[in-house]
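*Asks:* Generate coordinates for the sequence data below:
(one chain, ligands or ions: 1)
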Amino acid sequence: MKKKVTVPEIIASKGGERVMTMITCYDYTNAKLVDESNIDMILVGDSMGMTMLGYPGTVGVTVDDIIYHTKTVVKGAPNTFVVGDMPFGSYNTDVTDAIRNANRIFAEGGCDCVKLEGGKDMAPVIRAIVKAGIPVCAHIGLTPQTASMLGGFKVQGKSFEAAQQLLDDARAVEEAGAFMVVLEGIPKMVADVITEKISIPTIGIGAGAGCDMQVLVAQDMLGMNAWVPKLAKKYADLRTIILDAYNEFVKESNERSFPDVDHQYNTVIEGIENLK
Ligand code: KIV
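*Replies:* Predicted structure coming up:
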């Protein structure tokens, strides 16, 4: 059976042979599947805004939403390291608020660390949460919570100056005590330099194969949506499989070929025709 990785093991994996992997997950049934797989970590991401709650983005997801979904995932995946995402508005007000919300996600959700978006500007918040005893995963580059500030879901770090800023952000979150950092939507060349120059593991999503670890949104990689973003690869076509199954159920129900003799209770009751 898979053994849950620990924070020290994740840190020690940097530069090693094995590339640790992370997938988003928001519910018990899928968590059980991830737990049976070789994936090391689950992110209960605020991408649940789009994948579970039908929002246009991640803004609007609440701490209670994250806790609710994290609890179900933790139950389903006892052997997988679980990261609970801090949603927009839960850590950008003041440090006391940030610690209170991180405490709730960590303690009530039962996850193994929290994740929050932001570089240099969020360093004091990261430092305070780590000091409070909660491991923090940072997230820089394309940060979906502040996508409107970035002009949309756009690749970041595309100039020398912007690349330098990202490296400064990576160093700042490391110095503040984050034990790993997500690099989202940045050129491979920039991600490679950051990965080389900091001593905590980088987790790439749209950041190339040189990152220490890789993360994907499950719905993207399983092909559950008609559209797949460039940064994701479709490893399965569940959308087609699910649609075919739904439509086959409708067809067989209408043909009255389902339920057949194997999918019904065939108890024979004498005199049933005399029921009044
Ligand atoms: O919420 C999320 O799914 C994320 C990933 C894109 C890393 O933050």
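*Asks:* Which residues of the stretch 1-150 of the chain lie near the ligand?
*Replies:* Counting by C-beta under 6 Å from any ligand atom, the stretch 1-150 of the chain comes close to the ligand at 24, 43, 45, 46, 47, 85, 139. (Each C-beta comes from the backbone N, C-alpha and C, glycine too.)
*Asks:* let's see 8 Å
*Replies:* Applying C-beta under 8 Å from any ligand atom, one finds that the stretch 1-150 of the chain approaches the ligand through 22, 24, 43, 45-48, 58, 85, 115, 117, 139, 144.
*Asks:* List the ones among those residues that fall in strands.
*Replies:* 22, 24, 43, 85, 115, 117, 139 (DSSP state E).
*Asks:* got the contact list for the first one?
*Replies:* Contact analysis of residue 22 by C-beta atoms under 8 Å, 6 or more residues apart in numbering lists 39, 40, 41, 42, 43, 83, 203, 213, 214, 215, 216.
*Asks:* quick one: pLDDT of the residue of the chain at minimum distance from the ligand?
*Replies:* Of all residues in the chain, residue 45 sits closest to the ligand, at 2.4 Å by C-beta to the nearest ligand atom. On pLDDT, residue 45 comes in at 98.
*Asks:* repeat for residue 152
*Replies:* Residue 152 is assigned 84 on the pLDDT scale.
*Asks:* is residue 180 in a bridge, and if so with what?
*Replies:* Taking DSSP bridges as the rule, residue 180 bridges to residue 137.
*Asks:* can you tell me which residues contact it?
*Replies:* Residues in contact with residue 180 (C-beta under 8 Å, 6+ apart) are 10, 11, 137, 138, 200, 201, 202, 203, 212, 213.
*Asks:* Surely the first one forms part of a helix?
*Replies:* Pointing back at residue 10 there. Yes: under DSSP: H, G, I helix; E, B strand; the rest coil, residue 10 sits within a helix.
*Asks:* coming back round to it: between the residues of the stretch 1-150 of the chain next to the ligand, which is nearest residue 240?
*Replies:* Proximity of these to residue 240 was ranked by C-beta to C-beta; the top entry is residue 24 with 21.1 Å.
*Asks:* was I right about the closest one contacting residue 224?
*Replies:* No: between residue 24 and residue 224 there is no contact under C-beta atoms under 8 Å: 11.7 Å.
*Asks:* Spit out the residues that contact these two alike.
*Replies:* Residues within reach of residue 24 and of residue 224 at once, by C-beta under 8 Å, 6+ apart, are residue 218.
*Asks:* Just the buried residues from the ones in strands among the residues of the stretch 1-150 of the chain next to the ligand, in PyMOL please.
*Replies:* Selection of the buried residues among these in PyMOL, burial being defined by 16 or more other C-beta atoms under 10 Å:
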select buried, resi 22+24+43+85+115+117+139
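*Asks:* what's the helix or strand that contains residue 103 in contact with?
*Replies:* Here residue 103 sits within helix 95-109, counting by DSSP states H and E. With C-beta under 8 Å, 6+ apart as the contact definition, helix 95-109 has outside contacts at 44, 63, 66-67, 70-71, 74, 84, 86, 90-92, 111, 113-114, 116, 124-125, 128-129, 132, 134, 136.
*Asks:* how much space between residue 145 and residue 87?
*Replies:* 8 Å (C-beta to C-beta, to the nearest Å).
*Asks:* which residues do these two both contact?
*Replies:* With C-beta under 8 Å, 6+ apart as the test, residue 145 and residue 87 both reach 46, 58.
*Asks:* Help me confirm that residue 71 comes into contact with residue 110.
*Replies:* Yes: in this structure, residue 71 is within contact of residue 110 by C-beta under 8 Å, at 6.2 Å.
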